[in-house]
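J.: pasting the sequence and the predicted coordinates here, then a few questions.
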Amino acid sequence: MARMMESSEPVNINSFIVLDLETTGLPCFDKLTKITEISLLCLDRSQIMIAVKNKQLMPRVVQKLNLCVYPCRFINCGATEVSGLNNELLETCKTFGDVFDIILEMINMMPKPICMVAHNGNKFDFPILRSEIAHIKKNLPDDIYCADTLPAFKEFVYKNKPNEAEELDEAEQMADDSEPSAVEKTGDSEQEPKIVFLPDDINPTDNGKYLWGTDDWNDELIRVTELIENELLEEVNNINLDEIRKVNETTPKRRTNCLPSSQTGLKKKKINHSKDKINASKNLFSNKNSNAAKHSYKLKDCYEYLTEKKIINQHRADSDTHALLECIVKIGPQLLDWFDNNCKPFNNVTELWNIQKHK
């Protein structure tokens, strides 16, 4: 089927399908990632507006479909630990091809055009679902669109409290003033430095959403490395940079004796490397370094911020779709308008994998 032309004109979405998948692994490690569980919450746009008006988190009229499927592929141990699903549990379940007609019938029940929404859907749910459908040589109707809530949440979630960032900075400053430093001195001796733990909002195994090696991580690592290098230079007194540059640019000659430190302009001084490591970790993981680090946009954290509740049974597809729908209702009409303006045809999504390419 030919791809639909993507238009800059907004689409007047009539129905929404909140989607979440559990899979055999992460696409960044396994391009043949397959579905083990799929959950769909289908509802008319008007039902969201009624819930907003009545100050309800969950609309009353929601069509629900949750299916576990046998992936015909080994499920990664890490995925099993997260979702609780393994090959033995799923061996009596139908394959995705067997249940696709049920999924399609559910979708076709809703007034069109329809927009499927998923958190980090552009990089995870949509390409995987598109691959599964293409593998059985099927397609969804052309009036099915999709939109990723992750960029939308970055625009709306923490904007509800515009002064929160300033309050966070003030709270951190008070904590810094009241707490002892990582390395404390007692007389002339130094205590062992405190251990710096990785914060919860940086999780390299959370469905590929916050992985090591992202641009933000690399930029921050470079910045902190340069900072530590500058700190190390400041620890050494009376460095004659011109002399060092001259030596580096001159072809070395055989010498019988090394020059004494008095002639090189260098003065030896003990460097506290443990303190440098603490400073590196503190600068790399501190929320003070960038606005992006102040907030986590994982579904769990956005849900807790918006609803002041915790997700029950996180990483079960049905639980995650309920949590995402409650976030959508909490943000309200402005998010629905964002979906109208930013959705794209589902059939234009690039497949994550094509089984023919991997034979």
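T.: Nice, thanks for sending it over.

J.: next up, the contacts around residue 143.
T.: 112-114 (CB atoms under 8 Å, 6 or more residues apart in numbering). C-betas here are computed from N, CA, C, even on glycine.

J.: kindly report the same for residue 322.
T.: Per CB under 8 Å, 6+ apart, neighbours of residue 322: 41, 58.

J.: repeat for the one 4 residues further on
T.: Under the criterion of CB under 8 Å, 6+ apart, the contact partners of residue 326 comprise 57-58, 303, 306-307.

J.: which residue ranges of this structure form strands?
T.: Listed in chain order, the strands of the chain (DSSP state E) span 15-23, 35-44, 63-68, 114-118, 144-148, 185-186, 189-190, 344-345.

J.: which stretch among the ones you listed comes nearest residue 131?
T.: With CB to CB as the measure, strand 35-44 is the member of the strands of the chain nearest residue 131 (9.2 Å).

J.: before we move on, back to that, who wins on neighbours among the contacts of residue 326?
T.: For the contacts of residue 326, the largest neighbour count, defined by other CB atoms under 10 Å, is 23 neighbours, found at residue 303.

J.: for that residue, which non-adjacent residue is closest in space?
T.: residue 323 (4.7 Å; CB to CB, 6 or more residues apart in numbering).

J.: from what I can see that neighbour touches residue 299, true?
T.: Yes: look at residue 323 against residue 299 with CB atoms under 8 Å: they come within range, at 6.1 Å.

J.: returning to what we had before: what's the neighbour count on the residue nearest to residue 303?
T.: 27.

J.: list the contacts for it?
T.: Taking CB under 8 Å, 6+ apart, we find residue 323 in contact with 299-300, 303, 311, 314.

J.: quick one: which of those is nearest to residue 137?
T.: With CB to CB as the yardstick, the closest approach to residue 137 among the contacts of residue 323 comes from residue 299, at 32.3 Å.

J.: can you count the residues close to the residue nearest to that closest one when sequence neighbours are not counted?
T.: Leaving aside its sequence neighbours, residue 299 sits nearest to residue 119 (CB to CB, 6+ apart; 4.7 Å). As a burial measure, residue 119 scores 27 neighbours (other CB under 10 Å).

J.: quick revisit: could you dump the contacts of residue 326 to a markdown table with pLDDT?
T.: Below are the contacts of residue 326 laid out as a markdown table (pLDDT from 0 to 100):
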| residue | pLDDT |
| --- | --- |
| 57 | 93 |
| 58 | 96 |
| 303 | 96 |
| 306 | 95 |
| 307 | 95 |
